[in-house]
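Chemist: sequence below, structure please.
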Amino acid sequence: MSLICKPFVLMRHGETPLNLAQRIGGRSDVPLTTRGEEQARAASALLMRQRWSCIAVSPLLRARRTAELALPGQPVTLVDDLRERDWGDMEGMPIASQPPYEQTPPNGESWQAFCDRVTSALNLLLTAHETPLLVAHSGLFRVINLYATGTPYGERMGNAVPVWIMPGLRAGEWDIVPLEERYVV
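Modeler: Next comes the predicted model:
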C-alpha cells in the first residue's frame, strides 16, 4: 500500500498524564494535562490562519480536546481509523518497555494492520480533500515517517506541534517540515 502524494498537516494531541509519566497511551482514552491544554491553545494562532478543507480528528478524547482548543468553533470530522495503535497488554506500561514497532504486542494490534488502517484512512481523506489537517497521535507520525524515511524510528513527534507532510521532489519522497507562518497558504 502507498500514500497518495498530496500535502496535508498533522498535529499530535497535547500532553496527557501518560505522556508526562512516559507510559504507553495507545487506546487509553485519557484527557489532556493543563500543559496539554496550553499547548493546544498555543497552536491556535497558527492553525486559525489557514482555511482547512477538512479537519479530521481521532475520536480519542485527547485528540478531540486538542482540536477543540486549537481550532475553536471549527467543524471537525471524527475519523475512527485515525485512533492510536492498540498496544494491548502494553497499555500503561513504561515507554522503555515498548517492543519494536514491527512486533505485535500481546493482545494488541500488529504493525502491519496499524499501517494498513492508517494508510487507508489517510488516502480516503486525501482523495476527498485538498489540504486536510489531521489531529491525531504519534503512531500516525510513525507510519508517515515509514513512508518518508523507510523506517518508523526517529524522534517522537512533539505534542501540539503541527507539521506539513509534503510530497518531495522525486516520486515516493516525502518532506516533513514544521508548520510555520511562512508555510501557511
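Chemist: put the alpha carbons of the lengthiest helix in the chain into PDB.
Modeler: Longest helix in the chain, counting residues (DSSP state H): helix 111-128. The C-alpha trace of helix 111-128 is given here as PDB (Å, rounded to 0.1, in the frame of the first residue of the first chain):
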ATOM      1  CA  TRP A 111       2.300  -3.100  13.000                       C
ATOM      2  CA  GLN A 112       1.000  -4.100   9.500                       C
ATOM      3  CA  ALA A 113      -2.700  -3.900  10.500                       C
ATOM      4  CA  PHE A 114      -2.000  -0.500  12.100                       C
ATOM      5  CA  CYS A 115      -0.100   0.800   9.000                       C
ATOM      6  CA  ASP A 116      -2.900  -0.500   6.600                       C
ATOM      7  CA  ARG A 117      -5.600   1.100   8.700                       C
ATOM      8  CA  VAL A 118      -3.900   4.500   8.900                       C
ATOM      9  CA  THR A 119      -2.800   4.500   5.300                       C
ATOM     10  CA  SER A 120      -6.400   3.700   4.200                       C
ATOM     11  CA  ALA A 121      -7.800   6.500   6.300                       C
ATOM     12  CA  LEU A 122      -5.200   9.000   5.000                       C
ATOM     13  CA  ASN A 123      -5.800   8.000   1.400                       C
ATOM     14  CA  LEU A 124      -9.600   8.400   1.800                       C
ATOM     15  CA  LEU A 125      -9.000  11.900   3.300                       C
ATOM     16  CA  LEU A 126      -6.500  12.900   0.700                       C
ATOM     17  CA  THR A 127      -8.800  11.700  -2.100                       C
ATOM     18  CA  ALA A 128     -11.800  13.700  -0.700                       C
END
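Chemist: tell me the mean pLDDT over it?
Modeler: Averaged across helix 111-128, the pLDDT comes to 98.
Chemist: which secondary structure elements does that helix contact?
Modeler: For helix 111-128, the elements it packs on are strand 8-12, strand 54-57, strand 132-136, helix 138-149, judged by 3 or more CB pairs under 8 Å, 6 or more residues apart in numbering; DSSP states H and E. In this view, the C-beta of every residue, glycine as well, is placed from N, C-alpha and C.
Chemist: strands of the protein, start to end?
Modeler: 8-12, 54-57, 77-78, 132-136, 163-167, 174-178 (DSSP state E).
Chemist: in TSV: those, plus mean neighbour count.
Modeler: Written out in TSV, the entries for the strands of the chain read as follows (neighbours: other CB atoms under 10 Å):
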stretch	mean neighbour count
strand 8-12	26
strand 54-57	22
strand 77-78	14
strand 132-136	27
strand 163-167	19
strand 174-178	14
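Chemist: cheers, nothing more for now.
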